[in-house]
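Colleague: need a 3D model of the following:
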Amino acid sequence: MSKKLTHIDKSGKAVMVDISSKNNSERSAKASGRVIFTSEVYQKLTKEGFISPKGSIVQTAVIAGIQGVKRTSYLIPLCHQIPLSKIDIKIKPLKNSLFITCEVSCNGKTGVEMEALTGVSVSSLTIYDMCKALSQKIKIIDIQLDEKTGGKSMFRRN
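Modeller: Residues are numbered from 1 along each chain as shown. The predicted structure is shown next:
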């Protein structure tokens with residue numbers, strides 16, 4: 001395997017990658033994940049239209065995810081601040097779960113994979129927070145990068 005870690009220098013110290021010589025290009029990333037409920041909790045949430053005493057579970061999670069995307073460089077120490085051009089978070093009910101996707105785009109010197117993954121993570125954690133009074137058995141699973149375009153490499157999960 002000829003790949004190497006980009007955030008570690010020759011002496012083993014953590015470094016932020018120097019992107020100053022890179023050209024701006026269109027870049028995008030899409031990530032996804034799921035929040036799984038017991039069937040009883042899911043039925044209750046569905047019956048109540050995913051509205052809790054704290055407000056709309058789905059809309060609150062979307063807004064929180066957008067905020068998370070915008071704050072990624074503050075949360076992940078070696079991420080660059082990126083001029084974002086698009087954040088699109090969708091949350092769809094599935095059997096006993098909510099499926100979350102986050103698509104992020106920019107015209108910049110580095111990709112937005114971490115931003116997309118952060119959007120899904122923060123949305124998932126918000127759903128958990130809003131529903132934890134109903135059950136401690138809620139699970140957050142399968143947070144993953146699904147697609148990346150722009151830059152040196154492209155990626156699409158099969």
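
Colleague: show me what contacts L125?
Modeller: L125 sits next to A64, I140 when contact means CB atoms under 8 Å, 6 or more residues apart in numbering. Backbone N, C-alpha and C define where each C-beta goes, glycine included.

Colleague: what mean pLDDT does the strand or helix carrying it get?
Modeller: L125 belongs to helix 113-131 when elements are defined using DSSP states H and E. Averaged over helix 113-131, pLDDT sits at 97.

Colleague: in it, which residues are buried?
Modeller: Buried positions in helix 113-131, judged by neighbour count with 16 or more other CB atoms under 10 Å: 113-128, 130-131.

Colleague: C-alpha coordinates for it, CSV please?
Modeller: In CSV, the C-alpha atoms belonging to helix 113-131 read as follows (Å, rounded to 0.1, in the frame of the first residue of the first chain):
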residue,chain,number,x,y,z
GLU,A,113,-15.8,14.8,3.6
MET,A,114,-15.4,15.7,7.2
GLU,A,115,-18.1,18.3,7.0
ALA,A,116,-20.6,15.8,5.5
LEU,A,117,-19.7,13.3,8.2
THR,A,118,-20.0,15.9,10.9
GLY,A,119,-23.5,16.9,9.6
VAL,A,120,-24.8,13.4,9.8
SER,A,121,-23.2,12.9,13.3
VAL,A,122,-24.6,16.1,14.8
SER,A,123,-28.0,15.4,13.3
SER,A,124,-28.0,11.9,14.7
LEU,A,125,-26.9,13.1,18.2
THR,A,126,-29.7,15.7,18.1
ILE,A,127,-32.3,13.1,17.4
TYR,A,128,-30.9,11.0,20.2
ASP,A,129,-31.0,13.9,22.6
MET,A,130,-34.6,14.8,21.7
CYS,A,131,-35.8,11.1,22.1
